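A.B. asks: what shape does this take:
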Amino acid sequence: MPKPVLHVHAKTATDELALALAALPERFGLVREFADAATAEALHAIAALQLPSIDLTHLPFLTIDPAGSTDLDQAMHIETHGSGYRVFYAIADVPAFVVPGGALDAEARHRGQTIYAPDGRIPLHPAVISEGAASLLAGQERSAFVWEIALDAEGEITSTTVTRARIRSRQQLSYEQAQSALDTAQPSETLRLLKVVGTARIELERQRGGASLNLPSVEIEEVGNAESGGGYRLVRRSPLPIEDWNAQISLMTGMAAAQLMLGARIGLLRTMPQPEPATITSFRHQTHALGHPWPEDMPYGEYLRTLDLQDPRELAIMHAAGSLFRGAGYTAFDGTAPANTMQAAVAAPYAHVTAPLRRLVDRFTLVLCAAICANEPVPQWVSDALTELPGLMTSSDQKEGALSRAAIDAVEAAVLSRRVGEVFTATVISAGTGSSGSATAGNGAANGRGRIQLTDPAVTARCTGNLTAGTVISVRLVEATIETGIVSFEAVSTSQHELIAN
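C.D. replies: Presented below is the predicted three-dimensional model:
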């Protein structure tokens with residue numbers, strides 16, 4: 001499978017980039033180590049754990065994760081059920097290891113989520129929990145929140161329950177191993193039905209107007225050293241089909257959780273507005289720049305499904321589509337359902353409940369949903385946290401996004417650092433702000449600061465000059481600073497060619 005890369009091999013750039021990447025966690029105030037009190041609480045909780053009385057160890061659960069993963073949030077088992085299906089989705093029982101109001105709880109609230117830095121992850125919970133006692137590792141009995149979701153023949157949800165139970169995963173698969181088993185071997189019943197159910201859920205997503213971003217992972221890899229022909233590279237990995245089917249099980253569970261919360265009139269939804277018209281216009285220009293125009297009459301979810309992620313340019317379009325998925329947040333409610341319940345990309349109400357090892361909010365929403373299903377009061381520590389969690393998660397999301405963007409910016413700057421002064425061909429994707437202060441993302445020209453899309457290398461960067469969105473221009477690289485990750489260009493061509501015939 002093609003792996004589009006941006007290479008950094010020059011020794012000076014490689015050394016400078018290594019320093020810039022290593023400094024990122026401290027720059028964003030991220031600490032890997034846990035306070036002694038938090039670690040002590042984790043060890044005490046592990047020693048005191050009592051497994052649930054409900055025993056589902058007879059079900060042959062399996063996990064599917066990136067190769068080498070040890071913090072396993074989810075395990076699944078799927079079986080036929082009448083003319084439809086029954087999905088058992090086990091989620092790590094993190095609440096069993098975190099005392100509400102304790103030192104570990106406070107530490108987790110401060111962190112918000114596991115953050116993946118170029119030099120390793122900064123975990124939400126101590127490794128003894130996230131990679132040990134709570135992780136759904138194969139062959140180990142674990143406490144889990146087990147969702148039992150019944151589906152009809154078309155994949156629509158007909159019933160949902162969730163409760164704590166004892167499970168034992170039988171098999172730990174990487175995405176590559178699971179895909180290979182489906183493609184070349186005799187797959188297990190769960191894998192076979194994962195494809196069936198996942199495909200059905202994708203069709204339902206299409207029918208309701210949803211759009212899965214399926215954003216390829218972006219990884220920064222160190223490849224030897226400059227003297228030996230190594231350096232750094234930014235690798236964009238295309239997802240395998242099974243990753244989409246697997247993601248649909250998580251999305252389905254989040255949708256089921258949202259319905260439970262709305263029915264009980266208490267909960268925390270993951271909401272997102274429709275993209276703004278200016279954002280859509282800018283993305284449309286980007287698709288033209290990269291050679292795969294988005295038709296005016298095609299919904300954006302349908303368009304994203306047409307992309308061939310093994311084509312480097314179309315892979316870049318999928319990354320650019322992230323601009324359509326902005327503005328996501330959390331909406332808490334208690335007593336009255338909120339006015340806005342929709343997650344625009346999912347095209348349905350949706351909640352986060354499937355990744356408690358790596359995301360703070362899921363620990364609370366899992367307990368909330370289990371209480372609803374048991375017809376029990378929602379614990380006070382959960383309801384008390386609902387109004388605080390949106391702010392905590394927003395802060396954490398901003399840190400994670402800033403670190404990820406800073407790392408990619410640094411690599412892109414390193415790639416271009418020896419090419420300052422060179423002229424490139426680029427497409428203007430937004431014209432920025434002119435001297436009057438008005439935004440000119442559409443047809444108007446602006447003698448200001450906008451954004452451009454290069455095709456080789458496939459980099460999006462800032463540019464100054466007389467810019468008109470949707471035009472092809474020549475630009476000169478004026479800055480590529482590795483330490484700050486700043487890459488900027490200036491327009492040098494006065495002859496611009498309209499990409500789009502209006």
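
A.B. asks: per-domain residue ranges of the chain.
C.D. replies: 5-273+327-414, 417-498 (automatic domain parsing).

A.B. asks: ok, Leu251 - contacts?
C.D. replies: Contact partners of Leu251, counting by CB atoms under 8 Å, 6 or more residues apart in numbering, are 201, 205, 212, 346, 350. Placement of C-beta: from N, CA and C, glycine included.

A.B. asks: after the longest helix belonging to the chain comes which helix or strand?
C.D. replies: Determined from DSSP state H, the single longest helix within the chain is helix 389-416. With elements assigned by DSSP states H and E, the helix or strand that comes after helix 389-416 is strand 423-433.

A.B. asks: shaky segments in the stretch 1-150 of the chain?
C.D. replies: For the stretch 1-150 of the chain, residues meeting the criterion pLDDT under 70 lie at 1-12.

A.B. asks: scratch that, the stretch 251-400 of the chain
C.D. replies: Checking the stretch 251-400 of the chain against pLDDT under 70 turns up 310, 312, 315.

A.B. asks: helices along that one, start to end?
C.D. replies: Shown for the stretch 251-400 of the chain, the helices assigned by DSSP state H, counting those that start in this stretch span residues 277-289, 300-305, 312-320, 360-373, 380-385, 389-416.

A.B. asks: most tightly surrounded among those helices?
C.D. replies: helix 360-373 (a mean of 24; mean count of other CB atoms under 10 Å).

A.B. asks: just how off-centre is it within its chain?
C.D. replies: Here helix 360-373 is found 21 Å from its chain centre; the criterion is CA atoms, centre = their mean, to the nearest Å.

A.B. asks: export it to PDB, keeping only CA atoms.
C.D. replies: Extracted in PDB, the C-alpha atoms of helix 360-373 (Å, rounded to 0.1, in the frame of the first residue of the first chain):
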ATOM      1  CA  LEU A 360     -11.600  11.300  30.200                       C
ATOM      2  CA  VAL A 361     -15.300  11.800  29.300                       C
ATOM      3  CA  ASP A 362     -16.000   8.100  28.500                       C
ATOM      4  CA  ARG A 363     -15.400   7.100  32.100                       C
ATOM      5  CA  PHE A 364     -18.400   9.200  33.200                       C
ATOM      6  CA  THR A 365     -20.700   8.400  30.200                       C
ATOM      7  CA  LEU A 366     -20.200   4.700  30.600                       C
ATOM      8  CA  VAL A 367     -21.300   4.700  34.200                       C
ATOM      9  CA  LEU A 368     -24.200   7.000  33.300                       C
ATOM     10  CA  CYS A 369     -25.500   4.700  30.600                       C
ATOM     11  CA  ALA A 370     -25.100   1.600  32.800                       C
ATOM     12  CA  ALA A 371     -27.200   3.300  35.500                       C
ATOM     13  CA  ILE A 372     -29.900   4.200  32.900                       C
ATOM     14  CA  CYS A 373     -30.100   0.600  31.700                       C
END
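
A.B. asks: and Ile54, what does it touch?
C.D. replies: 146, 163-166.

A.B. asks: same thing but 7 Å
C.D. replies: If you count contacts by CB atoms under 7 Å, 6 or more residues apart in numbering, Ile54 has them with 163-166.

A.B. asks: for Ile78, grab phi and psi.
C.D. replies: When read as degrees, to the nearest 10, the backbone of Ile78 gives phi -130, psi 140.

A.B. asks: my read: it touches Leu191, true?
C.D. replies: No. Using CB atoms under 7 Å as the test, Ile78 is too far from Leu191 to be in contact (8.6 Å).

A.B. asks: tell me the angle the longest helix of the chain makes with helix 360-373.
C.D. replies: For helix 389-416 against helix 360-373, the angle by axes from the mean of the first three to the mean of the last three CA atoms, to 10 degrees is 140 degrees.

A.B. asks: how far does helix 389-416 sit from the chain's center?
C.D. replies: Here the centre of helix 389-416 is set off from its chain's centre by 12 Å, with CA atoms, centre = their mean.

A.B. asks: could you tell me the angle between it and helix 312-320?
C.D. replies: 150 degrees.

A.B. asks: burial of Phe333, as a residue count?
C.D. replies: 18 (other CB atoms under 10 Å).

A.B. asks: ditto for Pro293
C.D. replies: Pro293: 17 surrounding residues under other CB under 10 Å.

A.B. asks: which residues touch it?
C.D. replies: So Pro293 contacts Thr287 (CB under 7 Å, 6+ apart).

A.B. asks: could you do Gly101 as well?
C.D. replies: With CB under 7 Å, 6+ apart, Gly101 has these contacts: Trp381.

A.B. asks: just the one 4 residues further on next, same as before
C.D. replies: Contacts for Asp105 were tallied using CB under 7 Å, 6+ apart; they are 98-99.

A.B. asks: wait, what's in contact with Pro123?
C.D. replies: Shown in contact with Pro123 (CB under 7 Å, 6+ apart): 114, 130.

A.B. asks: any idea how far it is from Asp105?
C.D. replies: Distance, Pro123 to Asp105, by CB to CB, to the nearest Å: 15 Å.

A.B. asks: and what of Gln207?
C.D. replies: In terms of CB to CB, Gln207 sits 41 Å off from Asp105.

A.B. asks: before we move on, what about Arg462?
C.D. replies: 41 Å.

A.B. asks: what's the answer for Met318, then?
C.D. replies: 37 Å.

A.B. asks: again with Arg419
C.D. replies: Counting by CB to CB - Arg419 and Asp105 are separated by 49 Å.

A.B. asks: try Gly198
C.D. replies: Distance of Gly198 to Asp105, computed by CB to CB: 35 Å.

A.B. asks: one more: Gly155?
C.D. replies: Relative to Asp105, Gly155 is positioned 37 Å away (CB to CB).
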